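**Q** pasting the sequence and the predicted model now:
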Amino acid sequence: MDEKELLKHAETLTEAWESLKVGIDSLSMIIALTRDDKAWENYYFESRLADNLSASLSNISETMLAVSDAICPEED
(Lines give C-alpha, C1' and ligand atoms only; values in the text may rest on other atoms or scores of the structure.)
Protein backbone atom coordinates (compact mmCIF):
# COMPACT_ATOMS: atom_id res chain seq x y z
CA MET A 1 0.00 0.00 0.00
CA ASP A 2 1.50 3.31 -1.04
CA GLU A 3 1.50 6.64 0.78
CA LYS A 4 -1.38 8.02 -1.31
CA GLU A 5 -3.63 5.08 -0.36
CA LEU A 6 -2.71 5.40 3.30
CA LEU A 7 -3.51 9.12 3.22
CA LYS A 8 -6.94 8.37 1.72
CA HIS A 9 -7.62 5.85 4.48
CA ALA A 10 -6.47 8.36 7.11
CA GLU A 11 -8.94 10.90 5.70
CA THR A 12 -11.72 8.32 5.86
CA LEU A 13 -10.89 7.57 9.50
CA THR A 14 -10.87 11.30 10.30
CA GLU A 15 -14.36 11.65 8.83
CA ALA A 16 -15.52 8.63 10.83
CA TRP A 17 -14.06 10.15 14.02
CA GLU A 18 -15.88 13.42 13.38
CA SER A 19 -19.16 11.52 12.98
CA LEU A 20 -18.43 9.53 16.12
CA LYS A 21 -17.80 12.74 18.05
CA VAL A 22 -21.24 14.02 17.02
CA GLY A 23 -22.75 10.78 18.31
CA ILE A 24 -20.89 11.03 21.61
CA ASP A 25 -21.98 14.64 22.06
CA SER A 26 -25.58 13.70 21.26
CA LEU A 27 -25.54 10.89 23.81
CA SER A 28 -24.13 13.23 26.45
CA MET A 29 -26.92 15.72 25.79
CA ILE A 30 -29.58 13.00 25.83
CA ILE A 31 -28.32 11.66 29.16
CA ALA A 32 -28.37 15.15 30.68
CA LEU A 33 -31.86 15.91 29.38
CA THR A 34 -33.45 12.62 30.35
CA ARG A 35 -32.22 12.83 33.94
CA ASP A 36 -34.60 15.72 34.60
CA ASP A 37 -37.18 15.54 31.81
CA LYS A 38 -38.98 12.23 31.35
CA ALA A 39 -41.28 13.75 28.72
CA TRP A 40 -38.27 14.49 26.51
CA GLU A 41 -37.01 10.95 27.04
CA ASN A 42 -40.35 9.56 25.87
CA TYR A 43 -40.36 11.88 22.85
CA TYR A 44 -36.82 10.89 21.89
CA PHE A 45 -37.52 7.19 21.81
CA GLU A 46 -41.07 7.37 20.47
CA SER A 47 -40.03 9.66 17.59
CA ARG A 48 -37.39 7.10 16.53
CA LEU A 49 -34.52 9.59 16.88
CA ALA A 50 -32.59 6.87 18.70
CA ASP A 51 -32.76 4.81 15.51
CA ASN A 52 -30.93 7.54 13.60
CA LEU A 53 -28.13 7.57 16.15
CA SER A 54 -27.91 3.78 16.13
CA ALA A 55 -27.69 3.69 12.32
CA SER A 56 -25.03 6.40 12.34
CA LEU A 57 -22.89 4.53 14.86
CA SER A 58 -23.26 1.32 12.84
CA ASN A 59 -22.08 3.13 9.71
CA ILE A 60 -19.06 4.48 11.57
CA SER A 61 -18.21 1.02 12.81
CA GLU A 62 -18.46 -0.45 9.30
CA THR A 63 -16.28 2.33 7.88
CA MET A 64 -13.59 1.83 10.49
CA LEU A 65 -13.56 -1.94 9.95
CA ALA A 66 -13.34 -1.50 6.17
CA VAL A 67 -10.34 0.80 6.52
CA SER A 68 -8.71 -1.56 8.98
CA ASP A 69 -9.21 -4.48 6.59
CA ALA A 70 -7.83 -2.45 3.67
CA ILE A 71 -4.71 -1.50 5.59
CA CYS A 72 -4.16 -4.89 7.25
CA PRO A 73 -6.05 -7.58 5.32
CA GLU A 74 -6.58 -10.88 7.06
CA GLU A 75 -4.26 -13.63 5.99
CA ASP A 76 -5.79 -16.89 4.78
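**A** Perfect, thanks for sending it. Only a predicted model underlies this, so the values are computations on that prediction, with no experimental measurement involved. Residues are numbered from 1 along each chain as shown.

**Q** averaging pLDDT per element, find the lowest-scoring helix or strand in this protein.
**A** Within the chain, no helix or strand scores below helix 38-46, which has a mean of 80 by mean pLDDT, DSSP states H and E.

**Q** need the residues that contact it.
**A** If you take C-beta atoms under 8 Å, 6 or more residues apart in numbering as the criterion, helix 38-46 is touched by 30, 33-34, 50. Every residue, glycine included, has its C-beta placed from N, CA and C.

**Q** again, only this time at 6 Å
**A** Helix 38-46 is contacted by residues 33-34 when judged by C-beta atoms under 6 Å, 6 or more residues apart in numbering.

**Q** check stretch 16-26 too.
**A** For stretch 16-26, the surrounding residues in contact (C-beta under 6 Å, 6+ apart) are 53, 56-57, 60, 63-64.

**Q** straight-line length of stretch 28-44, end to end?
**A** For stretch 28-44, the first-to-last residue distance is 14 Å (C-alpha to C-alpha, to the nearest Å).
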